[in-house]
Each structure stands twice: as structure tokens, then as C-alpha cells.
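[1] the amino acid sequence is not available; the structure is as follows:
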């Protein structure tokens, strides 16, 4: 009898390391509360048995990622080495940081770079002119993709059928009174953004903030990120985003296309 080949799914299941998955899940739970957390709180947040969570915490503590006295646990600065490794090895950050610096200086506004992570966007680089306080969307900051200009610019890479299915299963909670949550309305808006080549979101992610984004494409036309600029609604009208910011963003995104593999 010929030997049956294992399917790719079977191989992935065999290669899956449950202990590693649980440890990473536990690390992510620290962000749910400010300050140290108890063993019971972490176990509950990670949906793990208390004894399992305890072993994971002591392992992470031995690796220098967690500090604790047996009752309260907290992350250490060593955790940032994981983020630093990502940023150092990410081609997008290396190539686009000079673009963000150039655009931010030209417009005298903050410019950011974001990527999709499942149904959220994650900001991975930014640049701020010296006159502006460097607050707001810090590196690592997350927002829902459906209500942000960077998210809609990247979701535009999906065709209408894929996008409709994605929006239907996506968690869509209103962040402001202006947030559009209806999947049909979102589909229409993102399709329109796809056609015009940019996305403008006005007070949907934050009550007093509007932003404009363009997709960043690699050499073969695939969208891999988005860059944006935004401002407080009382300071910059929506039309100015289009007239003054959009040309800078488009030029910046196009200038690096051949460099992104």
C-alpha cells in the first residue's frame, strides 16, 4: 500500500507549538490594564488555567521579559527588543522613513506609515515637524481599519466580493458619532477610495481629527502599506487635505515603488 502524504494542514498542526502560543498570548494580555497585573487576572485574560499561566510567567521572567514578586507581574523594557527587531528588519520602515521626513517637513504636519494586521492598522513609523508636539499616533498604536484613512486605503486592494465578505465579519464599533459602521456604506466608500487613489476620513476615528492617506505599492503594484497626514478639524479644512497634502503623499509613495520588493 502506498504511503499517504500528509496534507499541508496536517503538517502545520504538527508544527504548531502550543506552549509558545500560550506564552505570546500571555504577553499580549499585559496591554489590557495599566500597571502590574495579578496572576489570576492574567490567567483570566489569556483564558489559561492558573497553573499554566504561572509556569508561563516564570519562564518569561527568567527570560527577562517579565518582572514580578510572585503576586504582581509587569512587562520589562526587554520586551521592546522584540519591536526593535521588527523595525530594524522591516524594509518598509527603512525605505519610507525618509519619505515621511520629507513630507512632514514640506507640509509642516505629522506624517505616518501604517500596515494592516488582520482587521486593524498598526502605525510603524512617523515623522513630525519641530513645531508640533510629537504626541498622538505613536509607533505601535492600533486602530480599526474600517474607520481610518490608512485602513481604507489598504482595504482597497480587495475586490468588491472579498471586501464585502471581510467587512461583514469585521468588528465594526462606532468610535465617534460620525463613524460609518454599515457594511454596505463602507463597501461603497472604500470602492470610491480605490477608484480615486486615496482615502479621506473625517472625524470617524477621532472626534476632532481628519486625515488623508494613499496606498503604498511595491514594485509589482501590490499594496503593502499606507502613508497619511492629518490635522485637527479646526485648523485644517478637508479640502486643504486634498489640495496641499495629497500631492505630497502621492509623490512620496510613488518615489519608493521600485525599491519595495
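    Cool, got the structure. It should be emphasised that the depicted structure is a prediction, and the values quoted were computed from it without experimental measurement. Residues are numbered from 1 along each chain as shown.
[2] what does the biggest helix by length in the chain contact?
    In the chain, with assignment by DSSP state H, the single longest helix is helix 91-107. Residues from elsewhere that reach helix 91-107 (CB atoms under 8 Å, 6 or more residues apart in numbering): 87, 110-113, 115, 124-129, 216, 224-225, 227, 229, 244-245, 248-249, 252-253, 255-256, 259-261. Just so you know, the C-beta spots here come from the backbone N, C-alpha and C atoms, and that holds for glycine as well.
[3] again, but for stretch 53-70
    Contacts of stretch 53-70 with the rest of the structure, by CB under 8 Å, 6+ apart, involve 19, 22-23, 26-27, 36, 39, 42-43, 46, 48, 73-76, 78-79.
[4] then stretch 42-52?
    Contacting residues not belonging to stretch 42-52 are listed as 22, 25-26, 29-30, 32, 37, 39-40, 53-54, 56-57, 73 [CB under 8 Å, 6+ apart].
[5] and it, what's its mean pLDDT?
    Averaged across stretch 42-52, the pLDDT comes to 93.
[6] ranges for the helices of the stretch 51-200 of the chain?
    80-89, 91-107, 149-155, 160-169, 183-196 (DSSP state H, counting those that start in this stretch).
[7] what's the closest of these to residue 208?
    helix 149-155 (15.1 Å; CB to CB).
[8] which other helices and strands contact the closest one?
    Under the contact definition 3 or more CB pairs under 8 Å, 6 or more residues apart in numbering; DSSP states H and E, helix 149-155 sits against strand 111-117, strand 120-127, helix 183-196, strand 199-202, strand 209-217, strand 223-232.
[9] now do that helix: distance to the chain's middle.
    Remark: helix 149-155 is offset 11 Å from the chain centroid, using CA atoms, centre = their mean, to the nearest Å.
[10] can you check stretch 46-60 too?
    Offset of stretch 46-60 from its chain centre (CA atoms, centre = their mean): 27 Å.
[11] most tightly surrounded among the helices of the stretch 51-200 of the chain?
    helix 149-155 (a mean of 28; mean count of other CB atoms under 10 Å).
[12] how about residues contacting that helix?
    By CB under 8 Å, 6+ apart, the residues outside helix 149-155 that reach it are 112, 114-116, 120-121, 123, 143-146, 163, 166, 189-190, 193, 198-201, 211-215, 223, 225-228, 230.
[13] list the residues that contact residue 223.
    Counting by CB under 8 Å, 6+ apart, residue 223 has contacts 153, 154, 156, 157, 215, 216, 217.
[14] state the pLDDT value of it.
    Looking at residue 223, its pLDDT stands at 97.
[15] give me the beta-bridge partners of it?
    residue 217 (DSSP bridges).
[16] spit out the contact partners of residue 202.
    Neighbour list for residue 202: 178, 210, 233, 238 [criterion: CB under 8 Å, 6+ apart].
[17] change it to 10 Å
    149, 176, 178, 209, 210, 211, 212, 230, 233, 238, 241 (CB atoms under 10 Å, 6 or more residues apart in numbering).
[18] please pick the buried ones from those.
    Burial of those was assessed by neighbour count (16 or more other CB atoms under 10 Å); the buried members are 149, 209, 210, 211, 212, 230, 241.
[19] picking up where we left off before, want to throw the helices and strands packed on helix 149-155 into CSV with distance to residue 97?
    Listed next are the helices and strands packed on helix 149-155 as CSV, based on distance: least, CB to CB, whole Å:
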stretch, distance to residue 97
strand 111-117, 8
strand 120-127, 5
helix 183-196, 25
strand 199-202, 22
strand 209-217, 13
strand 223-232, 11
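[20] I appreciate the help and will end here.
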